[in-house]
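S.K.: Next input, structure requested:
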Amino acid sequence: MADLQGGTAAAGGRAGRLAPPEWLLRGLRPQNAPVPRAAVARAAVALAAPLAVGLASGQPAYGALASMGALSGVIGDTADAYRMRLLNIAVPQLFGAVGVTLGTLVYGHGWAAVGALTLVALVSGMISSIGAVASVSGLLLLLNAVVGAGLPMPGPWWKAPLLLTLGGLFVLVLTLLGWPLRGRIPEVAAVAATYRSVAELLAAAGTGDYDERRQDVTQSLNTSYDLILARRARDHGRRGPLVRLLAQLNVVIPLVEAAAAAHRYGRASRRPEIAAAVRELADAVERGRGPEPEWVLPAPEGPADRAVDRALRHASAVVHRPDADPALADDRLGRPAALGVRVRRAARSVLMSEPSWRYGLRLALCIGIAQTFVSLVPVTRSYWVALTVTFVLKPDFGSVFSRAVLRALGTAAGLLVAAAVLAAVPRGWADVPVMMLLAALIPAFSAKGYAFQTAAITPVILMLSDVLNHQGFHLVLPRLVDSLVGCAIALVAGYLLWPESWHTRIGDRLARAVEDTADYVACAFGAPGGTDKGERVRRRRRLYRDLSSVRSEFQRALTEPPPTGARAAAWWPLVVAVERIVDATTAARVRVDHGAEPPRDAEITGIEEQLRELAEGVRSSEELVEVRADLPGDEKGVLEPLRQEVRAARAIASPAPRS
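M.R.: Next up, the predicted model:
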């Protein structure tokens, strides 16, 4: 909240001055992220080596195409676990090969190319809603189709997709070289990081840093479960390292739940010995099994302390146990379904989902307009317009508006570098060291933000394009014009003309999260299924994951200009309030499990009703309206903190009404 208030105040303080708006500055600030050194070295080799091979064989165009495929692999290599990296690189390459084949077949066919690319854009947009791998696959499908339809490719038709795929597979080979040496290190490191984040959470119990540390725990749990469950999708064994890791991850859940109670009621559980013990467990996870330590922990002083003490000792027993108990290795988020089942679910989701069709139609409209424009207006090497539209309109990459502005700025910066390179470096072997340098900047700059990534990718693409079309320095100015045209098309046809309001994107998702919170309260305190601890844990984990996604949506909305950014800032306290309600529910359940008196049914029903009314209000209006919640109950009972959080959520004031 302090950051948002500070940002609002800063924006207000700059009012009337010639200074960039806060939403733009937020996107231009480089993120504080470490430079991925291995990715930097891999990118330098992956893009320069194919170019060198092409030059050595007297076919520089072939080398440029392979380097383009390698560029796609470098951009898509964002996962940690090797199995996920295998999927993230290999699957999109297949879609990219299909895309460039379709584009090559319609190259130079005028309106047939317009229709084909529009249809490809529809399919690309719809499949992008399935998941991360599908999103990158849809991106490459469309990008390569645009490149194939805009640049002359070496014949026959199969040569371009083969070269692009070989470039991507070269990145995959470089990536997998470390698999025999590092094996399951990413998964082990993720689980150990989860334990360390829980240690920081316990260290922050009772302080103002608790909410931020809880967000870190949620992100860490999401990462760990995604890595391990992705590997177990085809592993049905009940023994082995993955089962052991999953058991170690599962037993940290009761510790997370107990931390919510310790934050509100703990005494002994807030002492530094508790957090230090959890850090020792993190070290033990990384080392593998070892002797169980003889801890001297503070004596519990109440239900919350007893919950932490019991959860900590149980986690220690599992971490140091030689073989994991199969009962502890049950997937707390549910075992992934079989591949065929997931494919059918994904297909049904794509075909029946309104957001999927809406985004597909938006992207198809913008690509159709871009291709129509370059067909009617003579634009040199016009494929860049559609490329710009594709990058800007990626829905899971952030705000369309801010991405359009940031891409224009990033492209302008990249073109300055490209201009110097194209003017000073003759085509030939000198391209190889220059490509190594420019390629190394892509992973390094990508970690800093979208504008920086665009600035790094632009000169690389222009260099490779120049190898194919030999336009040299004269390629720079048309690329800037093309980028501005593409950004304008995305802003007007993909943003301003669509009544997909901020409320539809975020309000409905937040309303669903509030309804799920009401269901969680019912499940935790006596509704059917309330006695099933596993179901309660799964509901809470899914709820925290959904709230994390809602929080990410709000972060994206904050980068948009008013009124969207201002409205997101006004609604942000409600997101925090819902997270606190979930925490209070968990803390109350933990206290009941460890000796506190259970609440009455009437108290539970009253809280449920207030939450469902709140959800309906969020869904039906675009502005928050203050409501005084009447929630009678035992002021000394276990649910009193939860009632206070619900009252606080209902009492959040709305922004000023629109005239």
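S.K.: got any ranges where the stretch 101-250 of the chain has weak pLDDT?
M.R.: Residues of the stretch 101-250 of the chain meeting the criterion pLDDT under 70: 179-184, 230-240.
S.K.: mind listing the helices in the stretch 301-450 of the chain by residue range?
M.R.: The residue ranges that make up the helices of the stretch 301-450 of the chain, judged by DSSP state H, counting those that start in this stretch, are 303-319, 339-352, 354-376, 383-392, 400-424, 431-446, 450-469.
S.K.: Need these in a markdown table (columns: mean pLDDT, mean neighbour count and distance to Val91).
M.R.: (Glycine included, C-beta is placed from N, CA and C.) Shown next, in a markdown table, are the helices of the stretch 301-450 of the chain (pLDDT from 0 to 100; neighbours: other Cβ atoms under 10 Å; distance: least, Cβ to Cβ, whole Å):
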| stretch | mean pLDDT | mean neighbour count | distance to Val91 |
| --- | --- | --- | --- |
| helix 303-319 | 89 | 21 | 35 |
| helix 339-352 | 67 | 12 | 13 |
| helix 354-376 | 86 | 20 | 19 |
| helix 383-392 | 84 | 27 | 18 |
| helix 400-424 | 80 | 21 | 24 |
| helix 431-446 | 90 | 21 | 20 |
| helix 450-469 | 83 | 23 | 21 |
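S.K.: For those, give me a markdown table that also has distance to Gly167.
M.R.: A markdown table is the format used below for these (distance: least, Cβ to Cβ, whole Å):
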| stretch | distance to Gly167 |
| --- | --- |
| helix 303-319 | 43 |
| helix 339-352 | 27 |
| helix 354-376 | 24 |
| helix 383-392 | 18 |
| helix 400-424 | 20 |
| helix 431-446 | 12 |
| helix 450-469 | 10 |
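S.K.: closest to Ala39 out of the ones you listed?
M.R.: Between Ala39 and the helices of the stretch 301-450 of the chain, the shortest gap by Cβ to Cβ is with helix 431-446, which sits at 3.8 Å.
S.K.: what angle do that closest one and helix 450-469 make?
M.R.: Helix 431-446 and helix 450-469 are oriented at 160 degrees to each other (axes from the mean of the first three to the mean of the last three Cα atoms, to 10 degrees).
S.K.: which helices and strands does helix 431-446 pack with?
M.R.: Helices and strands touching helix 431-446, as assessed by 3 or more Cβ pairs under 8 Å, 6 or more residues apart in numbering; DSSP states H and E, comprise helix 37-56, helix 60-76, helix 400-424, helix 450-469.
S.K.: how about 7 Å then?
M.R.: Counting contacts by 3 or more Cβ pairs under 7 Å, 6 or more residues apart in numbering; DSSP states H and E, the secondary-structure elements packed against helix 431-446 are helix 37-56, helix 450-469.
S.K.: right, and the helix or strand after the last one?
M.R.: Read it as helix 450-469. Stepping forward along the backbone from helix 450-469, the first helix or strand reached (DSSP states H and E) is helix 476-491.
S.K.: which residues touch that following helix?
M.R.: 366, 369-370, 373, 379-382, 384-385, 388-389, 392-393, 400-401, 404, 407-408, 411-412, 415, 418-419, 422, 462 (Cβ atoms under 7 Å, 6 or more residues apart in numbering).
S.K.: what comes up buried for that helix?
M.R.: When neighbours are counted by 16 or more other Cβ atoms under 10 Å, the buried residues of helix 476-491 are found to be 476, 479-480, 482-491.
S.K.: repeat for stretch 553-566
M.R.: Glu553, Phe554, Arg556, Ala557, Leu558, Thr559, Glu560, Thr564, Gly565, Ala566.
S.K.: residues near the closest residue to the second one other than its chain neighbours, how many?
M.R.: In other words, Phe554. Spatially, and ignoring its direct neighbours in sequence, Phe554 is nearest to Ala568 (5.2 Å; Cβ to Cβ, 6 or more residues apart in numbering). Burial measure for Ala568: 23 neighbouring residues, criterion other Cβ atoms under 10 Å.
S.K.: What distance do you get for Ala568 to Leu249?
M.R.: For Ala568, the distance to Leu249 under the criterion Cβ to Cβ, to the nearest Å works out to 33 Å.
S.K.: Also Val98?
M.R.: According to Cβ to Cβ, Val98 stands 37 Å off from Leu249.
S.K.: ok, these two, which is more surrounded?
M.R.: Neighbours were counted for Val98 and for Leu249 using other Cβ under 10 Å; Leu249 has more, 26 against 17.
S.K.: so the more buried one makes contact with Ser224?
M.R.: Yes. Counting by Cβ atoms under 7 Å, Leu249 does reach Ser224; the two are 5.5 Å apart.
S.K.: shared neighbours, the two?
M.R.: By the contact definition Cβ under 7 Å, 6+ apart, Leu249 and Ser224 are jointly contacted by Val191, Thr194.
S.K.: of the buried residues of stretch 553-566, closest to Leu312?
M.R.: The nearest member of the buried residues of stretch 553-566 to Leu312, counting by Cβ to Cβ, is Phe554 at 33.7 Å.
S.K.: Let me see the contact set for the closest one.
M.R.: Residues near Phe554 by Cβ under 7 Å, 6+ apart: Ile506, Ala568, Trp572, Val575.
S.K.: give the contact list for the last one.
M.R.: Contacts for Val575 (Cβ under 7 Å, 6+ apart) come out as Leu510, Val550, Arg551, Phe554.
S.K.: Please, which helix or strand holds the second one?
M.R.: Val550 belongs to helix 533-557 when elements are defined using DSSP H and E.
S.K.: now that helix: mean pLDDT?
M.R.: Per-residue pLDDT values across helix 533-557 average out to 79.
S.K.: helix/strand/coil for Thr207?
M.R.: coil (DSSP: H, G, I helix; E, B strand; the rest coil).
S.K.: ditto for Val35
M.R.: In the three-state summary, Val35 is assigned as coil, counting by three-state DSSP.
S.K.: For Leu422, see how far away it is.
M.R.: With distances defined as Cβ to Cβ, the gap from Val35 to Leu422 amounts to 27 Å.
S.K.: Nearest residue to Gly206 in space, please, no chain neighbours.
M.R.: Leaving aside its chain neighbours, Gly206 sits nearest to Arg270 (5.2 Å; criterion: Cβ to Cβ, 6+ apart).
S.K.: For that neighbour, list the residues it contacts.
M.R.: With contacts defined as Cβ under 7 Å, 6+ apart, Arg270 is in contact with Ala205, Gly206, Ala262.
S.K.: just Asp309 next, same as before
M.R.: Residues in contact with Asp309 (Cβ under 7 Å, 6+ apart) are Leu297, Pro300.
S.K.: how close does it sit to Arg650?
M.R.: 35 Å.
S.K.: before we move on, what about Ser137?
M.R.: In this structure, Ser137 and Arg650 are 43 Å apart, going by Cβ to Cβ.
S.K.: Compare the two and say which is more crowded by neighbours.
M.R.: Comparing Ser137 with Arg650 by neighbour count (other Cβ under 10 Å), the higher total belongs to Ser137, at 26 against 22.
S.K.: In the stretch 551-659 of the chain, where is pLDDT below threshold?
M.R.: Within the stretch 551-659 of the chain, the stretches falling below the threshold (pLDDT under 70) are 622-630, 633-634, 653-659.
S.K.: which residues in it form strands?
M.R.: Remark: strands of the stretch 551-659 of the chain are absent; assignment by DSSP state E, counting those that start in this stretch.
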